[in-house]
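Asker: Sequence plus predicted model, see below.
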Amino acid sequence: MKARILVVSGSMFRTLSSIVAGIIITDAYSKTILGTYQQAVLLYSTLCVILSLGTPKAVIYFMETQKNAKHILLHLVFLLGSILLVASLILLGAWPLICRLFSNQALLPLLGWILFNLYVRTLNEIFVPIAIMSNRKYYIWLSDIVLGLLTLGIVYWLCNSGMPIAWILGSHAILELCKTAFLFKLIAQAEGQWNGIDWPLYKDIFRYSLPLLLSVLLLFFSKRLDGFIISTLMTPEEYAVYSRGALELPIGKVIVINLAMLLMPTFVHLFQTEQREKIIATYHHEIQRIAAIIFPTFFACLLIHHDLIVGLYGERYSESATIFLGYLFLLPLELYAFDTILQAVGKTKEVFEISCVSVTVNLAASLLLVPWLDMLGPVVGTLLAVFVTQALYLYVLNYHLKNPCLYWMPWRALGKNLLLCLSVSSVFFVIHSNLDDMKLWTRLFIVFGGAGLAQFIVLWKCNVIMKQDKEALLIAFKKVLTRKVSHSQ
């Protein structure tokens, strides 16, 4: 439980600090400059996932099954460095074409900072799994908290000083470089030693990572496809409006991704020791834990989606509220990490095939719906693709592991959670509709805070929150109270 809290809380804080920094940048620059900045971030954040070659999960797999950790990690770093060198040369040659594709020549002078960000962020993709496997999870928390605070401070200073948007991109790269220093410290502390270039090891890495890379690439591209469609079909000003609404709440993605990373070694071990029933039991418990956070957040945000966008970005971005509302439905849809189980049991080929279907559905639906729904077209396409992806994951788990679909999900617990949250939120919907004369942030605080707290209390009283989690929370709360009393004395 402590490891989960460390990893998730640190990542959550870093993500929230990035959102707050985005709000500061939004207030400081015009829509045109903001659109250019968002396009630059979209480019290097997308490319870093592509160029990481699926190595985050490879780190976990090889460190779990082999002993010489340092030898493995150095091979992965050399591999990533070689790929980055080739990619940077290609990007240099194709940069004018890319700028024309985005219909934005203002991107041209930003290439240097984009490449800098690309290098450090790609290397940092393996930071979290290395910290997890090295039992240095506090490094994740420490780096996220420190870099999150520095991001807020530096962005605030740069925006108030009227600095060019390139300086903000540069600050992102320098802060990521600090995280890279943590990464190399972990590698230096890893057990084992360098035994020279091991070509069979590279062969094993490629054999494991290539299907995973293609799967991650396609799924990531599927999720980012809407941004690319809007960016290429519309002006930077329109993309700025879209990007403010395409604010995926970090709580869902951060929790699911980080817990999947934490659980991957457990799933690999349980499968290798043929303890399949424990895989399902562990997965059920994690789903119930995550749902106890995700569902209340989802319903509370449904109530205040328009007020939240206006409060964060101002009335000029009120059109973004509809986009934000659409993306809220990703929270319950992305609650499940079925792909992690499939990767742990060696079904990476099936994950890749499902990824192909996801991208196809997303691309076809988005392009077909844009003429009728405008910016909402890609949103609906994304939601449809995620739904189809999760359904196919369930089918594949049923087909290969011979467990019925009903067996893989704690349906009764999820249904009870959903109905209770819906009931409580209905009451606060009525309350919210009668608070129009109240100040915006006061209304947001009352509705969001009240709905969230009320749902948590109801879930606690109705035993939706599991007994062991209640006990852990109560113990943690008592420890905090005991420390406060001792300090006061």
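Answerer: Received the coordinates, thanks. Residues are numbered from 1 along each chain as shown.

Asker: can you tell me the helix or strand for the closest residue to V59 other than its chain neighbours?
Answerer: Leaving aside its sequence neighbours, V59 sits nearest to P129 (CB to CB, 6 or more residues apart in numbering; 4.1 Å). (Glycine included, C-beta is placed from N, CA and C.) Per DSSP states H and E: P129 is located in helix 127-133.

Asker: Likewise for S88?
Answerer: Using DSSP H and E, S88 falls in helix 69-101.

Asker: tell me what that helix is packed against?
Answerer: Under the contact definition 3 or more CB pairs under 8 Å, 6 or more residues apart in numbering; DSSP states H and E, helix 69-101 sits against helix 31-51, helix 55-65, helix 111-124, helix 165-189, helix 199-233.

Asker: thinking again about what came up before, number of nearby residues for the residue nearest to V59?
Answerer: 21 (other CB atoms under 10 Å).

Asker: I'd like the distance between I25 and Y313.
Answerer: I25 is 11 Å from Y313, where distance means CB to CB, to the nearest Å.

Asker: hang on, the earlier thing: hmm, the residue nearest to V59 is touching Y61, no?
Answerer: No. Applying CB atoms under 8 Å, one finds P129 not in contact with Y61, separated by 9.4 Å.

Asker: does L142 really touch G10, like I thought?
Answerer: Yes. Counting by CB under 8 Å, L142 touches G10, with 7.5 Å between them.

Asker: quick one, which of those two is more surrounded?
Answerer: For L142 versus G10, the count of surrounding residues by other CB under 10 Å is larger for G10: 25 against 15.

Asker: Mind telling me what element that one is part of?
Answerer: Secondary structure assigned from DSSP H and E places G10 in helix 2-28.

Asker: Buried deepest among the helices and strands packed on helix 69-101, which one?
Answerer: helix 55-65 (a mean of 23; mean count of other CB atoms under 10 Å).

Asker: Convert the C-alpha atoms of it to CSV, please.
Answerer: What follows is helix 55-65, C-alpha atoms only, in CSV (Å, rounded to 0.1, in the frame of the first residue of the first chain):
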residue,chain,number,x,y,z
THR,A,55,11.3,-0.8,-23.2
PRO,A,56,9.5,0.2,-20.0
LYS,A,57,7.7,-3.2,-19.8
ALA,A,58,10.9,-4.9,-21.1
VAL,A,59,12.8,-3.5,-18.1
ILE,A,60,10.3,-5.2,-15.8
TYR,A,61,10.3,-8.5,-17.7
PHE,A,62,14.1,-8.9,-18.0
MET,A,63,14.9,-7.7,-14.5
GLU,A,64,12.3,-10.1,-13.2
THR,A,65,13.7,-13.1,-15.1
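
Asker: quick one: D204 from S82, how far?
Answerer: Applying CB to CB to D204 and S82 gives a distance of 17 Å.

Asker: likewise W460?
Answerer: 52 Å.

Asker: ditto for K467
Answerer: With CB to CB as the criterion, K467 and S82 are 51 Å apart.

Asker: which residues are contacting stretch 120-131?
Answerer: Contact with stretch 120-131 is made by 7, 44-45, 47-49, 51-52, 55-57, 59-60, 63, 73, 76-77, 80-81, 83-84, 137, 139-140, 143, 173, 176-177, 179-180, 182-183, 186-187, 190, 258, 261, 264, as judged by CB atoms under 8 Å, 6 or more residues apart in numbering.

Asker: if we go to 6 Å?
Answerer: Residues outside stretch 120-131 that contact it (CB atoms under 6 Å, 6 or more residues apart in numbering): 48, 51-52, 55-56, 59-60, 80, 84, 137, 139-140, 176-177, 179-180, 183, 186, 261.

Asker: roughly how far out does that stretch sit from the chain middle?
Answerer: From the chain centre to the centre of stretch 120-131 is a distance of 14 Å (CA atoms, centre = their mean, to the nearest Å).

Asker: what distance separates the start and the end of it?
Answerer: Using CA to CA, to the nearest Å, the end-to-end distance of stretch 120-131 comes out at 17 Å.

Asker: got it, and stretch 313-323?
Answerer: 14 Å.

Asker: Pull out the buried positions in it.
Answerer: By neighbour count with 16 or more other CB atoms under 10 Å, stretch 313-323 contains the buried residues 313, 317, 319-323.

Asker: Please state the offset of stretch 186-196 from the chain centre?
Answerer: With CA atoms, centre = their mean, you get 29 Å for stretch 186-196.

Asker: Please read the previous query as pertaining to stretch 287-300.
Answerer: Relative to its chain's centre, stretch 287-300 lies at 16 Å (CA atoms, centre = their mean).

Asker: What are the contacting residues of that stretch?
Answerer: Contacts of stretch 287-300 (CB under 6 Å, 6+ apart): 251-252, 255, 331-332, 335, 410, 413-414, 417, 421, 425, 448, 451-452, 455, 459, 465-466.

Asker: Could you pick out the buried ones from those?
Answerer: With burial judged by 16+ other CB under 10 Å, the buried subset of these is 251-252, 255, 331-332, 335, 410, 413-414, 417, 421, 425, 448, 451-452, 455, 459, 465.

Asker: So which of those residues sit within strands?
Answerer: Among those, no residue falls in strands (DSSP state E).

Asker: which of W460 and S82 has more neighbours?
Answerer: Ranked by neighbour count (other CB under 10 Å), W460 and S82 place W460 first, with 14 against 10.

Asker: now the more buried one: how far from L331?
Answerer: Distance from W460 to L331, by CB to CB: 20 Å.

Asker: For S215, state which of the buried residues of stretch 313-323 is nearest.
Answerer: Nearest to S215, judged by CB to CB, of those is I323 at 27.2 Å.

Asker: Tell me the secondary structure of N195, please.
Answerer: coil (DSSP: H, G, I helix; E, B strand; the rest coil).

Asker: my read: V361 touches F387, true?
Answerer: No. Applying CB atoms under 6 Å as the test, V361 and F387 come out as separate, 9.0 Å apart.

Asker: of the two, who's got more company?
Answerer: V361 (19 against 14).

Asker: Let me know the distance separating the residue nearest to the more buried one when sequence neighbours are not counted from V357.
Answerer: Distances taken as CB to CB, 6+ apart place A385 nearest to V361, at 4.5 Å, with adjacent residues excluded. Using CB to CB, we find A385 at a distance of 8 Å from V357.

Asker: what about those two, which has more around it?
Answerer: Per other CB under 10 Å, whichever of A385 and V357 has more neighbours is A385, with 26 against 15.

Asker: Please identify the helix or strand for the more buried one.
Answerer: Going by DSSP H and E, A385 is in helix 376-401.
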